[in-house]
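>>> sequence below, structure please.
(2 chains)
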Amino acid sequence: MTNKTHPHPPYIRIWFILLAALAGSLVLGIWAGSKIMVAVIFAVAAAKAFLVVTYFMHLKFAPRWIRLIAVGAVSVVAVLYFGLIPDIQLGYASLSTDQLAVINQASAAVRSDAGDGSATAAASIPGADTYQTYCVACHQADGRGLNGKLAADFIADPSRLAKSDEELLKSIREGITGEIGQMPPWGSVLSETQQLEVLSYVRSQFGGK
Amino acid sequence: MPVSHATASPVLDYSSTGQPSARVAIWWFIASEIAIFGGAVACYLLYRFEHPEWSEAASHTVQWAGATNTVVLLTSSLLAVLADKAAGAGDGKGAARYLWLAVLGGLVFLGIKTFEYSHEIHAGFTPLSEPHGLFWAFYFLMTGLHAAHVVGGMTAMAIIARGAAKGKHLGRVEVAAIYWHFVDVIWIFLFPLLYLAS
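Below is the predicted model of the structure:
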């Protein structure tokens, strides 16, 4: 006999619940295009895993320090994931040290100019806020970029904004590597509405369209 | 040196924690496995959010096969826990029978997985394929690593089943079963990650 002082849970009933949860996920999978459904599907998966770990693996009956071994390992994975978000999802790892230095400098300059009237005058136009928050560090308030060192100059080079909306939205969403540098992808930061608004802002302020 | 314990197993050493050493060991082993699979899943998620277009690639996975394999592993897990229960009651022959059935579940799982792999490779979906090679690289890495763990679990259960049938080392049944459930839990996450979220 092993160290079994705990009662045996109703294993077969738990198995039926697990199968029902799987069937539910498959039905929800039909609508997996929606973000909410994807979240529900993963919540169901987590619930299934919880049932297996708690009852089949007997973690419910194990001492707390054994549960901590498992929780600790999961925490390490969480630290890995959240720690890598800036590098991979926000694309910072693909920027060079020089580019980051320029961005930091420019952001500091923008912050010290925050009281400047020109920025607030434009703030009522949709997309202006987004531009001021995410784009201005490199592209600058005047849309001219950083002296050809980083970011497109919308004014000097009209071909920049002569591209189609689709092409420019793709660059905003997925980032783009150009001759002078690399724009990180903003698709995971900006909503679709924000992307459309900021494009229309850029066109209205710096483009001829 | 084993400490005395009211329900101490005659076949398992007890650590000074009052828990069988093998049970403690398997949980530490699982912790290291969580780091391995968790690392792969975390990287996959980071890239998946970056590439909404991977949903197109994910739609080429064989969803019915993945779903069937989920049922197979859940059932195999049930059989393993029933083996554990039988071993706890001193029924070595019953434990061995359930363990062999759980091993059979693993075989069915691998059979279906082999069908899927050959289907995908014939259709040209490999890590080298364009444009979603990275998706397929993650797919083959994560499911391949998982399949290797299925083979490991089956081997352990087969060895332990042979002993259990003779009434030997019944305490080991629980340890193999815990590992087998862990393999099941990994699949519970891999299935929606790779097949459903299209």
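>>> need the contact partners of stretch A:160-170.
Contact with stretch A:160-170 is made by A:152-154, A:176, A:195-196, A:199, A:202-203, A:206-209, as judged by Cβ atoms under 8 Å, 6 or more residues apart in numbering or on different chains. Every residue, glycine included, has its C-beta placed from N, CA and C.
>>> and the gap between B:Ala22 and chain A?
Computed as Cβ to the nearest Cβ, to the nearest Å, the B:Ala22 to chain A distance reads 9 Å.
>>> quick one: pLDDT of residue 46?
You didn't pick a chain, so chain A it is. Note on A:Ala46: pLDDT of 94.
>>> nope, chain B
pLDDT recorded at B:Leu46 is 88.
>>> any idea how far it is from A:Gly127?
Remark: distance between B:Leu46 and A:Gly127 (Cβ to Cβ, to the nearest Å) = 28 Å.
>>> look at residue 190 and give its secondary structure.
Since you didn't name a chain, this refers to chain A. coil (DSSP: H, G, I helix; E, B strand; the rest coil).
>>> what does it show for phi and psi?
The phi/psi pair for A:Leu190 (degrees, to the nearest 10) reads phi -100, psi 140.
>>> residues touching it, list them.
A:130, A:134, A:172, A:198.
>>> quick one: which of the residues you listed is nearest chain B?
A:Ile172 (14.0 Å; Cβ to the nearest Cβ).
>>> any regions of chain A where pLDDT drops low?
Scanning chain A for pLDDT under 70 picks out A:1-5, A:31-33, A:90-91, A:93-94, A:96, A:106-107, A:109-124, A:208-209.
>>> would you map the helices across it?
Using DSSP state H, the helices of chain A run over A:11-29, A:35-51, A:64-88, A:97-112, A:117-122, A:128-130, A:136-139, A:165-174, A:192-206.
>>> number of residues surrounding the residue nearest to B:His119 when sequence neighbours are not counted?
Spatial nearest neighbour of B:His119, excluding adjacent residues (Cβ to Cβ, 6 or more residues apart in numbering or on different chains): B:Val62 at 6.1 Å. When neighbours are defined as other Cβ atoms under 10 Å in any protein chain shown, B:Val62 has 17 of them.
>>> just the pLDDT for B:Val62.
With respect to pLDDT, B:Val62 scores 92.
>>> does it really touch B:Tyr117, like I thought?
No - assessed by Cβ atoms under 8 Å, B:Val62 is found out of contact with B:Tyr117, at 9.9 Å.
>>> on that earlier part again, which of B:Leu46 and A:Gly127 has more residues huddled nearby?
For B:Leu46 versus A:Gly127, the count of surrounding residues by other Cβ under 10 Å is larger for A:Gly127: 22 against 17.
>>> isn't that one up against A:Thr193?
No - using Cβ under 8 Å, A:Gly127 makes no contact with A:Thr193, being 9.4 Å away.
>>> give me the residue from chain A nearest chain B.
As assessed by Cβ to the nearest Cβ, chain B sits closest to A:Val77 within chain A, at 3.1 Å.
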